[in-house]
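**Q** Need a 3D model of the following:
(one chain, ligands or ions: 1)
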Amino acid sequence: MTSEMISKFYDFSGRSMVITGGGGVLCSEMAVAIAACGARIAILDRDLSLAQKVSDRITKSGGTAIAVQADVLNLDRLAEAKEQVTKTFGDVDTLINGAGGNNPKATTGAAQPFFNLPPEALRFVFDLNIVGAILPSQVFGRSMAERKRGNILNVSSMNAFRPLTRIPAYSAAKAGVSNFTQWLAVHMAQEYSPEIRVNAIAPGFFLTEQNRFLLTDQATGALTERGKKIMDHTPMARFGTPHDLLGTVLWLLSPASAFVTGTIVPVDGGFSAYSGV
Ligand code: NAD
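**A** Purely as a prediction, here's the structure:
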């Protein structure tokens, strides 16, 4: 391998990528970093105004982006979104399945025992995280299979390795995302092409809107009991910032990881390595 090839690992020019949930806290930073590497990026989100903000931020700094409204649970709309992206940017070679999250109604607590969690809240969380990764992979993965090249990156979580207390549906759904990542990696490589790779990142604890008031007190901003426990179990003793994910994301999308597929890479400040003793 020449030094020129190595120096071009992170030159994504000529590539077209889609990121679902691209209007969100973590995925918007991924989108900005991907565009900075030269890729054309479609910011797909259920909330078009969030997607538009990220797209504007990228285009203002000289990158190439479009905002696309779509629900990751609506197959017809995803197919239309794909057509829109392909017309604008050409064939999509990379999909990042970023849309996901928990729901307070699917979280146990003093006023909400496990036995009373409403089925519709449980289904919402399962659907968003696991079905919401599978459907876009069907829609965008089909053309990767036809072209025999592509890259899919899922967003799993720490709770896929060992479940976290209080969030049974989210933990099980993210375990499903990790399992699906391995399944799809094998399926794509064996049935279509070894040049279609599927991996996941498993972020540790990042303070975002989804978990802010589980981890910090709404009135004082101080760590909650749960926040303190996380800190005590994170050898690096801090929450992650969205920027902490970028190196791993870019590596998994780049030819630098050409022989890596079916992996779930923790980005967690050491949380998953620490037994607590
Ligand atoms: P976020 O809520 O900021 O972003 C999620 C985005 O997804 C939002 O823009 C939302 O509009 C969009 N979205 C929601 N439902 C959608 C749907 N049905 N179709 C299309 N778009 C939809 O969340 P975040 O904290 O940035 O999380 C991003 C990903 O990282 C999620 O998969 C989350 O589960 C995962 N994650 C987050 C953390 C954390 O600490 N924040 C840790 C581990 C994993």
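**Q** Quick check: which ranges of this protein have low pLDDT?
**A** Applying pLDDT under 70 to the chain picks out no residues at all.
**Q** The ligand contacts on that one?
**A** Contacts of the chain with the ligand, taken as C-beta under 6 Å from any ligand atom, map to 20-21, 23-27, 45-47, 50, 71-73, 98-101, 128, 132, 155, 157, 203, 205-206, 208-211. For every residue, glycine as well, the C-beta is placed using N, CA and C.
**Q** Of the residues you listed, which count as buried by neighbour count?
**A** 20-21, 23-24, 26-27, 45-46, 50, 71-73, 98-101, 128, 132, 155, 157, 203, 205-206, 208, 210-211 (16 or more other C-beta atoms under 10 Å).
**Q** Could you check which residue of the stretch 1-150 of the chain lies nearest the ligand?
**A** Gly24 (2.0 Å; C-beta to the nearest ligand atom).
**Q** Enumerate every residue touching that residue.
**A** Asp45, Leu50, Gly98, Ala99, Thr208 (C-beta atoms under 8 Å, 6 or more residues apart in numbering).
**Q** Could you name the specific helix or strand carrying the last one?
**A** The one in question is Thr208. Under DSSP states H and E, no helix or strand contains Thr208.
**Q** backbone phi and psi for the residue lying closest to Arg57 once chain neighbours are set aside, please?
**A** Leaving aside its sequence neighbours, Arg57 sits nearest to Val32 (C-beta to C-beta, 6 or more residues apart in numbering; 6.5 Å). Recorded main-chain torsions at Val32 are phi -60, psi -40, according to degrees, to the nearest 10.
**Q** May I have the phi/psi pair for the spatially closest residue to Ser13 that is not a sequence neighbour?
**A** Once flanking residues are discounted, Ser13 sits nearest to Gly38: 3.4 Å by C-beta to C-beta, 6+ apart. The phi and psi values for Gly38, taken as degrees, to the nearest 10, are phi 100, psi 0.
**Q** go on, the one 4 residues further on?
**A** The phi and psi torsions at Ala42 (degrees, to the nearest 10) take the values phi -100, psi 120.
**Q** Near it, how many other residues are there?
**A** Neighbourhood size, Ala42 [other C-beta atoms under 10 Å]: 28.
**Q** before we move on, what about Ser16?
**A** 19.
**Q** What's the separation between it and Glu80?
**A** 17 Å (C-beta to C-beta, to the nearest Å).
**Q** ditto for Gln138
**A** Distance from Gln138 to Glu80, by C-beta to C-beta: 14 Å.
**Q** between the two, who's got more neighbours?
**A** Neighbours of Gln138 and Glu80, each counted by other C-beta under 10 Å, are more numerous for Glu80; the result is 15 against 12.
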